[in-house]
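Novice: Fold the stuff below for me.
(chains A and B)
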2 protein chains.
Amino acid sequence: MVKLDYNYCMADYIGDRLGICEKELASYENKVKKAHNALMEKAGKELGFYNLPYDRDNVKYIKETLKKYKDKYDTQVVLGIGGSGLGPAALQSSLLNYISNELPKEKRKGMRTYIIDNVDPEWFSDIMEVIDPKNTLFVMISKSGSTAETAADFLACFTKFRDVLGSNLKEHLVVVTDPQKGELRRMANEFGLDSFPIPENVGGRFSVLSSVGLVPGELMGIDIEALLDGAADMDKATRKGDLFSNMAYLSATIEYILYLKGVNISVLMPYSTKLGKWADWYVQLWAESLGKKVDRDGAYVYVGPTPLKGVGATDQHSQVQLFKEGPYDKVITFIRVEKFKNTVNLDGDDKFKNYSSLSYLMGHTMNELINAEEMATEAALAKEGKPSKTLILPEINEYYIGQMIFFFEVATAISGELYNINAFDQPGVEEGKNFTYALLGRNGYEEKKKEFETLYNKSSKFIM
Amino acid sequence: MVKLDYNYCMADYIGDRLGICEKELASYENKVKKAHNALMEKAGKELGFYNLPYDRDNVKYIKETLKKYKDKYDTQVVLGIGGSGLGPAALQSSLLNYISNELPKEKRKGMRTYIIDNVDPEWFSDIMEVIDPKNTLFVMISKSGSTAETAADFLACFTKFRDVLGSNLKEHLVVVTDPQKGELRRMANEFGLDSFPIPENVGGRFSVLSSVGLVPGELMGIDIEALLDGAADMDKATRKGDLFSNMAYLSATIEYILYLKGVNISVLMPYSTKLGKWADWYVQLWAESLGKKVDRDGAYVYVGPTPLKGVGATDQHSQVQLFKEGPYDKVITFIRVEKFKNTVNLDGDDKFKNYSSLSYLMGHTMNELINAEEMATEAALAKEGKPSKTLILPEINEYYIGQMIFFFEVATAISGELYNINAFDQPGVEEGKNFTYALLGRNGYEEKKKEFETLYNKSSKFIM
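Specialist: Numbers count the residues shown, from 1 in each chain, chains lettered A, B, ... in the order given. All right, here's what the predicted structure looks like:
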């Protein structure tokens, strides 16, 4: 199992400035029990992500339906933003060769995979330069079926590859969307596209274990069943209402206590480039779930810890200076990989023996070095009284990644209860969408256009 | 020129909660003048980055020296971490095709480029799988000449490719390091390697316009002279001590005023995936420069705003919910690109006309959409009283990237003066290094080993 080491959040280890004493932590047992009961009322109902590890019929349907595409095409282009882009991207970079697209077919596990998660015209054109539409399956992912960026990326692909997609849309496009509602569902029906459901009660940022992650995952060649197995085992391990028996609750409670002490930044720092995209995924999960203006009683609370991505050892040469010497405003969650798939020797050569900056490394492995650095950084921060905890991943594989995903999802869900906010909506993104529609002249947004023009009536004095 | 729009930091636009009034901003004129004078005393002396735009002899030397390698090899592997990795990576992803390594030779501007900036054994092995050492130039970059991760990556490459590198090191390795000091300089001398200087008065995070960025840049085929031209023009534009005539000072002063009001997070959010790595570069620059425990009077101040990366429009589906509805603890700097190199049409097809989620986009371009989204997000945040400013880049090319680099470097340098800290050291990373040496059994670190063991004497009670 994945383990959580939280010694360096405790006052015994890091002192009283931010350290939590045992009694203080234990004082949250009741609150957590109540939060747990509230959560369990919704688990599997409004909160559909609890069901995903067990939906093996969907896995079967995905595998059967995708078989013909896997035989036929070499490349998938995923059109999806937010959870629909981050989940597939994190699976790709952690579970395949990091630059798998550059490998020849026989060395790849599955299709080459490109994830289009933005509407940057230069970047979009860059990617399109390597795409051969005749060999490509487009996978369009949108829960609502009307995400502006995904719609635009679809139109752009269609326009560019009209000669292939114009007459053969059905052969080259599958969709992942709501099982009943939305315009993407309507498109699937009208054009006879293969489609995969995102259960109605699963939100975008909790969707990686649904078709959103599983369809691209199956096409890129990862073991999607092992992913769900890991998630199921973490589900079982985090169903207990007792704070000290539930690692996800404990992790969330520690972060909550620290937030109350003024710690408004929550860093996730895997010591592994391959896990880096999971930090991006975590940023969405944590930011969009917990950043809320209004609590459940309607009060304007403007809460939310800010998640921050780090990658070790790389960021020891970037962010760690600030983490160590800067304000007491952060809690860091390290991820340590116990056993990497490859062992990289640092043997070198006798001719480097008289270079002291090389010789102390010779005979060691890169594996030893990165884990030494992770522990050294923990200790250096603890010495300064800076709190951290460490998630220990036995290996990077589908099973443990599944555990990790579910761990963070449960931690997020229980945090919503502790903050007394709705962790499953995102009302704050509507305003920007509406202004965008207005600027593009969409029907019905004429009033918004006027409001925008009033707001954006900028003074040239404040431009230089 | 690059422009700065700071309307949405002003109280007239975003209200009094965090908005700055004109009089308040003007009240900083004296302080900024003093800071400017202090900075100008050091500019070009201790602060060597001010000289870099004008060091054209080095450009000439780089071009001449690298010519033989450009003719000979297809691939460069950059070994460098911190500024030595971030600078080259940001140049690569913004100024080449985003996945240039996947293009055939005739479509690439220069060598395929892999940047090894970590000691993750799985990731390292992934990259090595595509490297053919016979076709590869290794570029080892370390100012001190003894960076542990870079040393380890070098040893790992040497060990793996011993058959090629063992007898031909001189043919396949060049180094970028201090002109006089350090073990990498000694190695260059002993093994007769081509080498490129990092001036002694240029720190890692201010080094992208030195050989650190220029050597990999020249090999990947970017116009390194235009890069310096842009930087030189921004230097000229930011030499004035008058707050209201100096966009870098103004930007820094606004951030400083907001920090004093409790805004401890500084977001950089380019609306462009291609500029995303510059946000990572900014994170190092800002975090390592301004995150300091001790001020110049020796007082323990524990200061430092936390820089945060965002990428628009992507992060509208991740972080923007928090930016809009969460705490008043952030100032956001957007980057808007006025003119993208490519125009991407969203024409679509008549058969999509009766889908309202597609039809409003049809006839528009992706270019219009991304800029509408950027302006819409600015306005949506401003409406909630959240401060932002926008850096307007006319185009993404070497010249304007050079301007942008220099803008952020000057803003960082003047911030150091405002915070009254040394923005050019990084004492906080030593502790972790020493513990790492201790864990690897390096000679002379026996006492550190004992200290580590005392600190790391963890209770199993706090592991689950």
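Novice: my guess is residue A:195 meets residue A:178, correct?
Specialist: No. The criterion here is Cβ atoms under 8 Å, and residue A:195 misses it with residue A:178 at 9.8 Å. Just so you know, the C-beta spots here come from the backbone N, C-alpha and C atoms, and that holds for glycine as well.
Novice: Which one's more surrounded, these two?
Specialist: Under the criterion of other Cβ atoms under 10 Å in any protein chain shown, the comparison of residue A:195 against residue A:178 puts residue A:195 first, with 21 against 18.
Novice: element containing the more buried one?
Specialist: For residue A:195, the host element (DSSP states H and E) is strand A:194-197.
Novice: Can you tell me what sits against that strand?
Specialist: A:58, A:61-62, A:65, A:174-179, A:185, A:188, A:210-211, A:214-215 (Cβ atoms under 8 Å, 6 or more residues apart in numbering or on different chains).
Novice: run the last query once more with 10 Å
Specialist: The contact list for strand A:194-197 (Cβ atoms under 10 Å, 6 or more residues apart in numbering or on different chains) reads A:55, A:58, A:61-62, A:65-66, A:68-69, A:137, A:139-141, A:170, A:173-180, A:184-185, A:187-189, A:210-212, A:214-215, A:218.
Novice: for the residue lying closest to residue A:15 once chain neighbours are set aside, phi and psi?
Specialist: In this structure, residue A:15 finds its nearest non-sequential neighbour in residue A:385, 4.7 Å apart by Cβ to Cβ, 6 or more residues apart in numbering or on different chains. When read as degrees, to the nearest 10, the backbone of residue A:385 gives phi 80, psi 20.
Novice: Overlap in contacts, residue A:195 and residue A:178.
Specialist: Common neighbours of residue A:195 and residue A:178, counting by Cβ under 10 Å, 6+ apart, are A:184, A:185.
Novice: following the top helix by length along chain A, which helix or strand comes up?
Specialist: Taking DSSP state H as the assignment, the helix of chain A that covers the most residues is helix A:398-419. Per DSSP H and E, the first helix or strand lying C-terminal to helix A:398-419 is helix A:430-439.
Novice: helix or strand right after that following helix?
Specialist: From helix A:430-439, the next helix or strand downstream (DSSP H and E) is helix A:446-455.
Novice: for that following helix, packing partners?
Specialist: Contacts defined by 3 or more Cβ pairs under 10 Å, 6 or more residues apart in numbering or on different chains; DSSP states H and E place helix A:446-455 against helix A:430-439, helix B:366-383.
Novice: Which positions within stretch A:61-81 qualify as buried?
Specialist: A:62, A:66, A:69, A:70, A:73, A:75, A:76, A:77, A:78, A:79, A:80, A:81 (16 or more other Cβ atoms under 10 Å in any protein chain shown).
Novice: Is the residue most central in space within chain A part of a helix or strand, or is it coil?
Specialist: For chain A, residue A:281 is the residue whose C-alpha lies nearest the centre (Cα atoms, centre = their mean; 1.5 Å). At residue A:281 the chain is in helix, as set by DSSP: H, G, I helix; E, B strand; the rest coil.
Novice: ok, residue A:239 - contacts?
Specialist: Here residue A:239 is in contact with A:36, A:39, A:40, A:43, A:50, A:245, A:246, A:248, A:410 (Cβ under 10 Å, 6+ apart).
Novice: ok, so what distance separates it from chain B?
Specialist: 15 Å (Cβ to the nearest Cβ, to the nearest Å).
Novice: swap in residue A:456?
Specialist: Residue A:456 is 5 Å from chain B, by Cβ to the nearest Cβ.
Novice: quick one: that residue and residue A:439 touch, right?
Specialist: Yes. Taking contacts as Cβ atoms under 10 Å, residue A:456 lies within contact range of residue A:439: 9.5 Å.
Novice: before we move on, the earlier item: tell me the pLDDT of the residue nearest to residue A:15.
Specialist: pLDDT recorded at residue A:385 is 98.
Novice: Next, count neighbours for it.
Specialist: 16.
Novice: Identify the bridge partners of the residue lying closest to residue A:132 once chain neighbours are set aside.
Specialist: Closest residue to residue A:132 apart from its sequence neighbours, by Cβ to Cβ, 6+ apart: residue A:75 at 7.1 Å. Here residue A:75 shows beta-bridge partners residue A:112, residue A:136, assigned using DSSP bridges.
Novice: Please name the residues that touch residue A:75.
Specialist: A:101, A:111-114, A:130-138, A:219.
Novice: how far away is residue A:135 from residue B:200?
Specialist: 53 Å (Cβ to Cβ, to the nearest Å).
Novice: Pop out the phi and psi values for residue A:336.
Specialist: Per degrees, to the nearest 10, the backbone of residue A:336 is at phi -110, psi 130.
Novice: check contacts around it.
Specialist: A:3, A:5, A:270-272, A:312, A:370-371, A:374-375, A:378, A:390-393.
Novice: which among the contacts of residue A:239 are in contact with chain B?
Specialist: A:245, A:246 (Cβ under 10 Å from any Cβ of the partner chain).
Novice: of the contacts of residue A:239, buried ones?
Specialist: Burial by neighbour count, 16+ other Cβ under 10 Å: within the contacts of residue A:239 this picks out A:36, A:39, A:43, A:50, A:246, A:248, A:410.
Novice: Tell me the confidence at the second one?
Specialist: It stands for residue A:39. At residue A:39, pLDDT is 98.
Novice: repeat for the one 10 residues further on
Specialist: pLDDT, residue A:49: 98.
Novice: can you check residue A:73 too?
Specialist: Reported pLDDT for residue A:73: 98.
Novice: Assess the claim that it and residue A:131 are in contact.
Specialist: No. At 11.2 Å, residue A:73 does not count as touching residue A:131 under the criterion of Cβ under 10 Å.
Novice: one step back: any idea of the mean pLDDT for the longest helix of chain A?
Specialist: Averaging pLDDT along helix A:398-419 gives 98.
Novice: next one: stretch A:84-93
Specialist: pLDDT averaged over stretch A:84-93 gives 98.
Novice: Can that stretch be said to contact chain B?
Specialist: Yes. Shown here: stretch A:84-93 in contact with chain B (Cβ under 10 Å from any Cβ) through A:84, A:85, A:86, A:93.
Novice: could those go into CSV alongside neighbour count and secondary structure?
Specialist: Formatted as CSV, the residues of stretch A:84-93 next to chain B follow (neighbours: other Cβ atoms under 10 Å in any protein chain shown; DSSP: H, G, I helix; E, B strand; the rest coil):
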residue, neighbour count, secondary structure
A:84, 32, helix
A:85, 28, helix
A:86, 30, helix
A:93, 23, helix
